[in-house]
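# structure, please.
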Amino acid sequence: MGTPSEKSADAAHRADQDASASLRLLIICDCSERMKQLEAALDVGEIEIIGVNSLDRLNNFMGSDYDLVAVDVGLEHLASVLIALRSKVKYAEIPVLVECGRISTETGFAGVLPRYRAMPCFQSDLDTLVKRRIAFESGAREKRGIL
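Down below sits the predicted model:
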């Protein structure tokens, strides 16, 4: 069976694996109320949510690893946020979802999203896509096992 210290070390190791196994979602939003709504909608337990509600502080969060990015900003900030994300090599392949409820009627963003490989979606679609990504990653982890 093992000594109590071996059991606690094993439990700590499993907890570390579980903590490192969760997906990390970066939410970039320029409105604190919308940020709260997004966090509440996406808080499903299997994901670590990091929220940035000040575009001035975005660079402070750019050193960490993320699995997915959700952007909910006005058109005036959209290009600068996407440039900041895609200018970092480590974020080149990360899926970026842009909540387009506030910008869908604007014609000026049409070429911006494809250029920076960002997918426009409404909040309900964003919720669905994030949850599907969690389910996919959870299933992939179960298939991979420990090794």
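# what helix or strand is residue 50 located in?
strand 47-52 (DSSP states H and E).
# give me the secondary structure label for the residue nearest the centre of the chain.
With distances taken as Cα atoms, centre = their mean, residue 25 lies nearest the centre of the chain, 2.2 Å away. At residue 25 the chain is in strand, as set by DSSP: H, G, I helix; E, B strand; the rest coil.
# buried sites along stretch 49-62?
If you call a residue buried by 16 or more other Cβ atoms under 10 Å, then stretch 49-62 has these buried ones: 49, 51-53, 58. Where C-beta positions appear, they are placed from N, C-alpha and C, glycine not excepted.
# distance from it to the middle of the chain?
Stretch 49-62 sits 12 Å away from the centroid of its parent chain (Cα atoms, centre = their mean, to the nearest Å).
# residues contacting the residue nearest to the centre of the chain?
42, 47-50, 66-70, 130 (Cβ atoms under 8 Å, 6 or more residues apart in numbering).
# which ChimeraX command selects the buried ones in those?
Here is the ChimeraX selection string for the buried members of the contacts of residue 25, based on 16+ other Cβ under 10 Å:
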select :42,47,49,66,67,68,69,70,130
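# now distance to residue 112 and pLDDT too, for the contacts of residue 25, in TSV please.
Output for the contacts of residue 25, formatted as TSV (distance: Cβ to Cβ, whole Å; pLDDT from 0 to 100):
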residue	distance to residue 112	pLDDT
42	24	82
47	27	83
48	28	89
49	25	90
50	24	91
66	21	92
67	23	90
68	19	91
69	15	93
70	16	92
130	22	85
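# can you list the contacts of residue 25 in TSV and add distance to residue 114?
Shown next, in TSV, are those (distance: Cβ to Cβ, whole Å):
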residue	distance to residue 114
42	25
47	27
48	29
49	27
50	26
66	21
67	22
68	19
69	16
70	18
130	21
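# show me what contacts residue 82?
Contacts of residue 82 were listed using Cβ under 8 Å, 6+ apart, and they are 71, 96, 98, 112-113, 115-116, 118.
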